[in-house]
Every structure is written in structure tokens, then in C-alpha cells.
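Trainee: the amino acid sequence is not available; the structure is as follows:
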């Protein structure tokens with residue numbers, strides 16, 4: 001795992017600060033390459049072929065810098081009879097590109113962003129993995145191009161202007177997405193490649209893979225055969241992610257079935273596997289469930305107790321790591337967990353992606369039974385009813401679930417999706433100055449899925465993977481781990497699982513009201529009975545308590561007086577939220593204030609600090 005950086009037509013001293021800002025991604029060593037107007041830089045976290053895997057790697061007139069891991073690279077070396085001088089997956093990538101060009105992307109199982117420079121035709125080729133586990137940001141203006149693994153680094157090179165049109169999406173969806181907060185900077189979308197001529201700056205871009213195509217397919221396997229296939233694919237994926245490392249690999253072990261399955265399978269390939277469970281003071285503690293798994297498989301288990309006592313002092317530093325507004329509150333515990341785990345290991349496996357691919361969220365349940373995106377009868381029946389009902393005071397009640405169900409059942413497709421997922425400022429859009437739709441990309445994807453007549457469950461799961469998972473959850477994991485020079489590996493995102501899971505029968509994912517049915521059935525083979533039917537929790541942060549107590553002072557300091565948020569939202573509404581004079585549940589009030597707080601911290605500490 002590393003950081004990459006480079007550009008065309010910039011002076012060499014313009015990269016100085018950016019290289020320092022990428023140090024945490026690659027603290028072990030660094031290297032660079034220059035060819036006339038082109039500059040390439042690599043910061044390395046040594047994990048594979050530590051002795052000979054330095055970058056940039058140069059061979060036969062090609063140069064590569066690479067961030068990520070290719071787990072099947074040894075198999076590909078054999079299959080294509082590649083003659084390599086190192087054991088590094090970086091060289092495997094370079095040799096494959098020389099033979100196959102962009103077509104080689106279809107073969108790769110891994111997480112990656114890389115840049116390959118052809119010194120003969122002066123072209124620079126970028127590519128990103130299927131899910132978007134590894135990031136790449138590209139700046140393009142006039143006769144200059146620059147790129148980097150993180151926005152903070154790229155901004156230090158380019159000093160871009162703000163793109164105010166993109167902030168409504170953040171406020172409504174909790175992240176900016178591939179459009180970024182800046183003019184002339186975009187994030188290369190997942191499963192895409194980008195090629196540019198270094199001399200003329202002519203470029204082309206293409207999407208080389210899409211999960212949508214697999215949601216259109218339907219597996220003919222029965223439940224028993226499907227469970228067996230998922231079991232086999234997960235074994236292959238876990239084994240590959242364990243073995244492709246010169247350093248010891250451990251696992252994050254929560255009390256849930258996803259990390260439990262990964263740990264159980266990993267322990268069959270590695271004795272004395274190191275496992276880590278975290279317990280947050282004052283929160284629901286699942287460590288006793290994790291300890292049951294650790295005891296069953298004889299792992300070398302560590303329980304890490306983490307307190308939020310320093311959150312007020314750490315908050316700005318944690319959030320500014322993202323280089324853009326970022327409002328997923330689970331970024332806070334993710335940072336602390338990664339910081340503690342790094343004291344023991346450099347590589348850990350996690351259970352991310354299982355919920356999105358196998359139906360782990362409770363909000364998926366109604367979409368199994370009704371396509372709320374298409375059913376006009378429900379829209380007509382429930383339209384406007386939620387506004388006449390008492391607003392739920394507690395999000396964890398059955399009434400809140402029913403209220404939200406009625407609310408999005410009466411809405412148009414895009415608004416229904418937003419209400420069913422993030423539910424941030426939904427219902428309060430009238431206080432936004434701009435009335436334009438900031439979600440055209442989501443709406444286009446939804447329209448294409450409706451055209452192909454796939455089920456409501458497949459639609460919401462596909463949308464989640466393409467937008468919520470790619471732009472929120474994967475960003476969180478990359479930044480939280482890499483800020484602490486820790487590599488997270490995700491077995492549920494293997495090539496084979498990504499291309500099989502979408503095809504699985506809907507009822508195998510959601511069985512009546514039982515979420516993640518197929519993984520729960522598989523877990524009976526591996527996990528203690530008590531874990532099998534545990535509900536999805538994730539990192540349950542006490543956001544309401546933070547806003548009302550621990551962070552109340554910093555919230556008022558940032559959101560009182562002149563604010564960046566009032567560029568988009570009526571100042572009076574912000575003031576009433578602070579004073580708790582808006583008709584809204586305490587949890588939703590806390591969420592709206594948190595979103596604006598994170599926006600304000602980014603604006604003052606990242607953008608206008610100079």
C-alpha cells in the first residue's frame with residue numbers, strides 16, 4: 001500500500017509539500033522519475049517483495065508507480081509465462097500491460113490504482129480497481145495535469161478554486177463524490193481507466209467494468225449450492241489476501257458474522273492468527289462475542305479498549321485527513337481502531353462489503369417485497385401521509401422504521417432512495433438556496449436499472465454499491481487506515497465474489513425479514529450460535545450525545561456567526577437548529593449539525609487555512 005503523485009508541466013519544486021503530505025501512505029521509502037515535462041513520485045509502504053519492490057519500476061521503456069495489491073499476480077505470471085526479475089506484483093502489472101494493454105484489467109483480482117508511462121509514445125495510462133478501494137484524483141486545466149492519491153496532496157500542487165455547485169450533494173448525501181469540492185479536479189471513477197498523451201495532453205477515458213451487468217444476471221443455483229459456492233470463493237479470497245504479503249497479516253474481529261467468517265477461514269490457513277477486537281467506552285460492547293470466535297479458533301487475540309475522551313482535541317485532525325468535506329461519523333472510531341491496530345501489525349483483513357453484496361441492511365427488507373422505485377400505487381397511497389404523522393423521537397424504535405417506510409413509499413424514485421439511505425436533510429430541502437438536483441448521476445443509474453427491469457432489491461443494492469459504498473465507506477477505510485500507515489484488505493471484494501454475489505437469488509439474501517440470509521446460513525458452519533442472528537450494528541457512534549455534550553462547544557463555535565454553510569442553507573434555519581427550535585428528532589438534528597460542522601472544519605482547516 002502506497003501513495004502516488006505526479007504531473008505534467010509543473011516545476012519540480014511545486015511537488016515538495018505534496019510529497020510530505022503523502023508520507024503517511026508510504027513511510028518506508030520513496031522514489032521518483034522525470035522525463036522532460038513529466039514527473040512521477042512514489043511513497044512506499046513495503047509489504048510485498050520488501051527487498052526488491054522499489055518504485056518507480058522501470059523496464060523495457062515503461063515506467064510504473066502503483067498503489068495497492070494484486071492478489072492473483074503469481075497465477076498470472078505462470079499463465080502468461082512472464083519473465084520477471086523481482087517477486088513484486090508491480091512488475092507483474094507492468095509485464096501484463098506490455099502484452100495486453102488495458103485488456104489485462106479484466107484479469108486482476110486486487111485493489112489498485114497505478115500509472116504506467118510508455119516512454120516511446122509518451123502516453124500515461126491510469127487505472128482503478130472494480131470497487132474503488134484505492135483512490136486517484138486528477139487535476140486538469142489549460143496545459144497542465146497533476147494527480148495524487150489524496151486531495152490534500154493534489155491541492156498543495158495545484159491550488160484550485162472551489163466548485164460551489166458540488167456542495168449541495170455533500171449536505172444531502174454526506175460526501176462530495178467523484179466531482180470533488182474543487183474546479184478542474186475529479187476523482188477517477190471506480191473500474192475506469194484514463195490515458196493521456198504527455199506531449200499533446202489529448203486524453204481518453206473509459207469504464208472497464210460495471211457491477212450493473214451482473215445484477216442483470218440470475219444464478220440458477222439453489223440455496224445449498226449457492227452457500228457452497230460462496231464458501232469456496234471466500235476461502236480462495238481469504239487465502240490469497242493472507243499469502244500475498246511478506247509481513248504478518250491479522251484480522252479485525254468484531255462480534256458480527258462478516259469478520260467472524262473471515263477470521264474463521266483465515267485461521268485454517270494460518271496458525272496463531274492475530275485478531276483484534278475493539279470496545280468503545282459507553283457503547284454496545286460486542287467483544288465477548290468476538291472472544292468466543294477467538295477461543296474457538298485459538299487465535300492470538302487482543303482486545304483494544306478505546307475512549308472518545310480526546311475527541312474534542314482530535315476531531316479537526318481526523319477530519320482534515322480526508323482533504324474534502326466528509327460526514328460519515330464512523331470515520332472517528334475507524335481512525336482510532338486503525339491507530340491502535342498499527343501498534344501490532346501493518347496488514348489486517350476486514351469484513352467490509354458483505355452487507356452491500358449480501359443484503360445486510362434492514363432498509364433492504366421492504367425492497368424485497370415491493371419495488372418502491374416503480375410502484376405508482378404506493379406513491380399515490382402514501383404521498384404526504386408522513387407529514388401528518390407525529391415525527392419519531394427515537395430512530396431505534398419500530399415507529400421510526402414504519403414512519404420512514406411510509407415516508408419514502410410516497411416519494412418519487414430519487415427522493416425515495418435518499419430517504420431510505422442517508423436521510424440527512426430530507427424533508428428540509430426548502431431551506432436550501434439552490435433547488436437544482438445534485439444527484440443526476442444517481443438518477444441516471446436508477447433510470448438505467450429501471451429500464452432493464454431488475455427487482456427493487458437489486459436496484460437499491462446496486463445504487464448503494466456504486467455511490468454510497470464507493471464514495472463513503474471505501475473512502476473512510478482507505479483514509480482511516482492509511483493515515484496510520486496500515487493496510488486493510490477486504491476479502492468480500494474479490495473479483496469472483498463481486499461477479500457472483502449480484503447474481504444470487506434475492507430471497508437468498510433477504511429471507512422474509514431476515515437480512516443477509518445466505519451468510520447467516522454459512523456462518524452456522526463456522527461460528528458460535530450466538531453470533532449467527534446478531535443484527536447489523538457497525539460502529540454505533542453516540543452522535544446525539546457528542547453534539548449535545550462532548551462537542552456542543554465546538555459545534556456552536558463553528559456554526560455561530562459567519563459560516564461557509566450559510567452559502568447553501570438559510571442562516572435562520574442553522575440558528576434554529578443550534579437552538580433546538582426545529583421540529584425534528586434529536587438524532588436527525590444531531591446529524592444535520594454534524595454534517596455542517598464537518599463542512600465548516602474542512603473549509604477553515606483545509607481550504608482557507610492559508
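Mentor: Alright, I've got the coordinates. From a predicted model like this one, the values you see are computed outputs, not experimental measurements.

Trainee: please name the residues that touch the residue lying closest to residue 603 once chain neighbours are set aside.
Mentor: For residue 603, ignoring the flanking residues on the chain, the nearest one in space by Cβ to Cβ, 6 or more residues apart in numbering is residue 564 at 4.2 Å. Yep, even glycine has a C-beta here, placed from its N, CA and C like the rest. Listed by Cβ atoms under 8 Å, 6 or more residues apart in numbering, the contact set of residue 564 reads 599, 600, 603, 604.

Trainee: out of those, which are inside helices?
Mentor: 599, 600 (DSSP state H).

Trainee: PyMOL command to pick out the buried ones of the contacts of residue 564?
Mentor: Typed into PyMOL, the line below selects the buried ones among the contacts of residue 564, using 16 or more other Cβ atoms under 10 Å:
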select buried, resi 599+600+603
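
Trainee: give me the phi and psi for the residue nearest to residue 603.
Mentor: phi -70, psi -30 (degrees, to the nearest 10).

Trainee: then the one 4 residues further on?
Mentor: Backbone dihedrals for residue 568, given as degrees, to the nearest 10, come out at phi -120, psi -30.

Trainee: that one contacts residue 435, correct?
Mentor: No: using Cβ atoms under 8 Å, residue 568 makes no contact with residue 435, being 11.6 Å away.

Trainee: those two: which is more packed in?
Mentor: Taking other Cβ atoms under 10 Å, residue 568 and residue 435 do not tie; residue 568 has more neighbours (19 against 8).

Trainee: which residue sits closest to that one, ignoring its sequence neighbours?
Mentor: Nearest one to residue 568, counting by Cβ to Cβ, 6+ apart, is residue 167 at 5.6 Å.

Trainee: for that neighbour, grab phi and psi.
Mentor: phi -80, psi -20.

Trainee: any idea of the pLDDT on it?
Mentor: Note on residue 167: pLDDT of 92.

Trainee: so how many other residues sit close to it?
Mentor: Neighbour tally, residue 167, other Cβ under 10 Å: 22.

Trainee: again, but for the one 4 residues further on
Mentor: Here the neighbour count serves as a burial measure; for residue 171 (other Cβ under 10 Å) it reads 23.

Trainee: next: residue 172.
Mentor: Neighbours of residue 172 (other Cβ under 10 Å): 21.

Trainee: secondary structure class for it?
Mentor: helix (DSSP: H, G, I helix; E, B strand; the rest coil).

Trainee: leaving out sequence neighbours, find the closest residue to it.
Mentor: residue 425 is the one closest to residue 172 (Cβ to Cβ, 6+ apart), at 5.6 Å.

Trainee: can I assume the one you found is in contact with residue 592?
Mentor: Yes: between residue 425 and residue 592 there is a contact at 6.1 Å, judged by Cβ under 8 Å.

Trainee: could you pull up the contacting residues of the residue nearest to residue 172?
Mentor: Counting by Cβ under 8 Å, 6+ apart, residue 425 has contacts 171, 172, 431, 432, 592, 595.

Trainee: secondary structure element for it?
Mentor: Under DSSP states H and E, no helix or strand contains residue 425.

Trainee: so how far is residue 18 from it?
Mentor: 34 Å (Cβ to Cβ, to the nearest Å).

Trainee: and residue 337, by the same measure?
Mentor: 28 Å.

Trainee: and for residue 551?
Mentor: In terms of Cβ to Cβ, residue 551 sits 31 Å off from residue 18.

Trainee: ok, those two, which is more surrounded?
Mentor: residue 18 (25 against 22).

Trainee: find the nearest non-adjacent residue to that one, please.
Mentor: residue 153 (4.1 Å).

Trainee: helix/strand/coil for residue 63?
Mentor: Once three-state DSSP is applied, residue 63 turns out strand.

Trainee: backbone dihedrals for the closest residue to it other than its chain neighbours, please?
Mentor: In space, and not counting its chain neighbours, residue 63 is closest to residue 117: 4.3 Å by Cβ to Cβ, 6+ apart. Dihedral angles of residue 117 (phi, psi; degrees, to the nearest 10) stand at phi -110, psi 130.

Trainee: so what's residue 117 up against?
Mentor: Residue 117 touches 33, 35, 38, 40, 62, 63, 64, 123, 124, 125, 198, counting by Cβ under 8 Å, 6+ apart.

Trainee: from residue 91, how far out is it?
Mentor: 15 Å.

Trainee: surely residue 134 meets residue 111?
Mentor: Yes: counting by Cβ under 8 Å, residue 134 does reach residue 111; the two are 5.2 Å apart.

Trainee: next, show the common contact partners of these two.
Mentor: Common neighbours of residue 134 and residue 111 (Cβ under 8 Å, 6+ apart) are residue 68.

Trainee: next up, the contacts around the residue nearest the centre of the chain.
Mentor: Against the mean C-alpha coordinate of the chain, by Cα atoms, centre = their mean, the closest residue is residue 474 at 1.2 Å. By Cβ under 8 Å, 6+ apart, residue 474 lies in contact with 131, 132, 133, 352.

Trainee: out of these, which comes closest to residue 493?
Mentor: residue 131 (5.0 Å; Cβ to Cβ).

Trainee: count of neighbours near residue 259?
Mentor: Neighbours of residue 259 using other Cβ under 10 Å come to 24.

Trainee: can you list the residue ranges for strands in the stretch 1-150 of the chain?
Mentor: 2-8, 29-35, 38-44, 57-59, 62-70, 110-118, 123-128, 137-141, 144-148 (DSSP state E, counting those that start in this stretch).

Trainee: mind giving me the packing neighbours of the second one?
Mentor: Right, strand 29-35. strand 38-44, strand 62-70 (3 or more Cβ pairs under 8 Å, 6 or more residues apart in numbering; DSSP states H and E).

Trainee: residue 513: which of those strands is closest?
Mentor: Each of those was scored for nearness to residue 513 using Cβ to Cβ, and the closest is strand 62-70 (37.7 Å).
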